[in-house]
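Chemist: Have a look; sequence and predicted model below, questions after that.
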Amino acid sequence: MTSHPESAKASIGKPKKTYAHRKLMRFGRRFRSRIAGFQSRQSLIGDTPVLDRAHFPEFNVLEDNWRDVLDEVTEILKFRNQVPKFHEVSTDQKNISKGDEWRTFFLFGFGTKLARNCAKAPRTAAMLESIPNLQTAWFSILAPGAHIPAHKGVTKGIVTCHMGLIVPKDRENCWLRVEDEYCHWQEGKIFVFDDTREHEVTNDTDDERVVLLWHVDRPMKTPARLLHKFFVAGLKKSSFFKNPQKNMATFEDRFEQATRDAAETLEKMSIHD
């Protein structure tokens, strides 16, 4: 039986959501709703939309060496078109990531180190590895004029961190809103927020915005920490985790090939010279 080329092409990168996946997603929504209050009461860093950066002294290594991070992402951006869009990595994000607006270069995904991607940013990867309870980390690249609509994260057991690397000159028109609070990126500065609160991003400028984004476990008392570990373990056994993990490996291959081809081209040019 011969498959139709168009239908085969359409299925690439769009794994079907299994019954178990849909069931897990529904459970996740109920789980989040039921335990958010518990995690809030168990939090050791309060429960505000934007969290006090002083609670995370382990992030100082990144701020102190942010120019090293900038140097590495600048090299990666030379192959910008080979960096995947967020919805290509995680199809569950297609409601907030569309077109070419938002690209993501993963270094750590769902607790797994992407060794070849990290080799493109070794100093950044080493600093991230020094941070306790790291879950994910990537370079988040937002095109001029881009908008990420309002949405909420999955669990209060994780907090989201941003460090500005390339910030538009018109900084006031490039922002992250977390409920009623507005955050503006600054080069080499970190802010931390609770992404279970409604948040959105706008880059209403003519310039690209690039940040280092990572997630770490929220500091909580022991009962909430154990519950959070149970939830994350469940996610890692599901297609919600396995599909993006497979996609990350595919795009890691693609980026590696693009950089190898470029190096070979430069070598041939130097030989001819």
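Modeler: It's in.
Chemist: Name the residues that touch stretch 182-194?
Modeler: 47-53, 55-56, 59, 62-63, 66-67, 70, 153, 156, 159-167, 171-172, 174-178, 199, 209, 211 (C-beta atoms under 8 Å, 6 or more residues apart in numbering). For every residue, glycine as well, the C-beta is placed using N, CA and C.
Chemist: now those: which count as buried?
Modeler: 47, 49-51, 56, 59, 62, 66, 70, 153, 156, 159-167, 171, 174-178, 199, 209, 211 (16 or more other C-beta atoms under 10 Å).
Chemist: re the thing from before, tell me which entries of the contacts of stretch 182-194 lie within helices.
Modeler: Judged by DSSP state H, helices contain the following of those: 62-63, 66-67, 70.
Chemist: Pipe those into a markdown table and attach distance to Gln257 per row.
Modeler: What follows is the ones in helices among the contacts of stretch 182-194, written out as a markdown table (distance: C-beta to C-beta, whole Å):
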| residue | distance to Gln257 |
| --- | --- |
| Leu62 | 29 |
| Glu63 | 34 |
| Trp66 | 29 |
| Arg67 | 29 |
| Leu70 | 25 |
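Chemist: Among those, which one lies nearest to Glu88?
Modeler: Leu70 (24.8 Å; C-beta to C-beta).
Chemist: Kindly tell me how buried the closest residue to Glu58 other than its chain neighbours is, as a neighbour count.
Modeler: Excluding its sequence neighbours, the residue lying closest to Glu58 (C-beta to C-beta, 6 or more residues apart in numbering) is Ile131, at 5.3 Å. Per other C-beta atoms under 10 Å, the neighbour tally for Ile131 reads 17.
Chemist: Can you verify my assumption that Ile131 contacts His215?
Modeler: No: counting by C-beta atoms under 8 Å, Ile131 does not reach His215; the two are 10.4 Å apart.
Chemist: quick one, helices of this protein?
Modeler: Under DSSP H, the chain gives helices at 5-11, 19-42, 60-64, 66-76, 86-89, 115-120, 122-129, 222-236, 239-272.
Chemist: Who does the spatially most central residue of the chain form a beta bridge with?
Modeler: The centroid of the chain falls nearest to Trp138 when counting by C-alpha atoms, centre = their mean (4.7 Å). For Trp138, the beta-bridge partners under DSSP bridges are Phe106, Leu213.
Chemist: isn't it right up against Trp102?
Modeler: No: contact criterion C-beta under 8 Å: Trp138 and Trp102 do not qualify, at 10.9 Å.
Chemist: Do I have it right that Asp217 meets Arg225?
Modeler: Yes: counting by C-beta under 8 Å, Asp217 touches Arg225, with 7.3 Å between them.
Chemist: Overlap in contacts, the two.
Modeler: With C-beta under 8 Å, 6+ apart as the test, Asp217 and Arg225 both reach Gly157.
Chemist: Neighbours of Thr136, how many?
Modeler: Thr136: 20 neighbours (other C-beta under 10 Å).
Chemist: My error: substitute Pro132 in the last question.
Modeler: Neighbours of Pro132 using other C-beta under 10 Å come to 9.
Chemist: Contact partners for it?
Modeler: 58, 216.
Chemist: do the one 10 residues further on as well
Modeler: If you count contacts by C-beta under 8 Å, 6+ apart, Leu142 has them with 101-102, 148, 201, 203, 208-210.
Chemist: Show me what it is bridged to.
Modeler: Here Leu142, judged by DSSP bridges, has bridge partners Trp102, Arg209.
Chemist: And it, what's its pLDDT?
Modeler: Listed pLDDT for Leu142 reads 97.
Chemist: now do Cys183
Modeler: 98.
Chemist: Pairing partners for it in the sheet, please.
Modeler: Going by DSSP bridges, Cys183 forms beta bridges with Leu176.
Chemist: biggest separation within the ones in helices among the contacts of stretch 182-194, which pair?
Modeler: Checking those with C-beta to C-beta, the most distant pair is Glu63 and Leu70, at 12.0 Å.
Chemist: out of the contacts of Leu142, which is most surrounded?
Modeler: Asn203 leads the contacts of Leu142 on contacts (other C-beta under 10 Å) with 25 neighbours.
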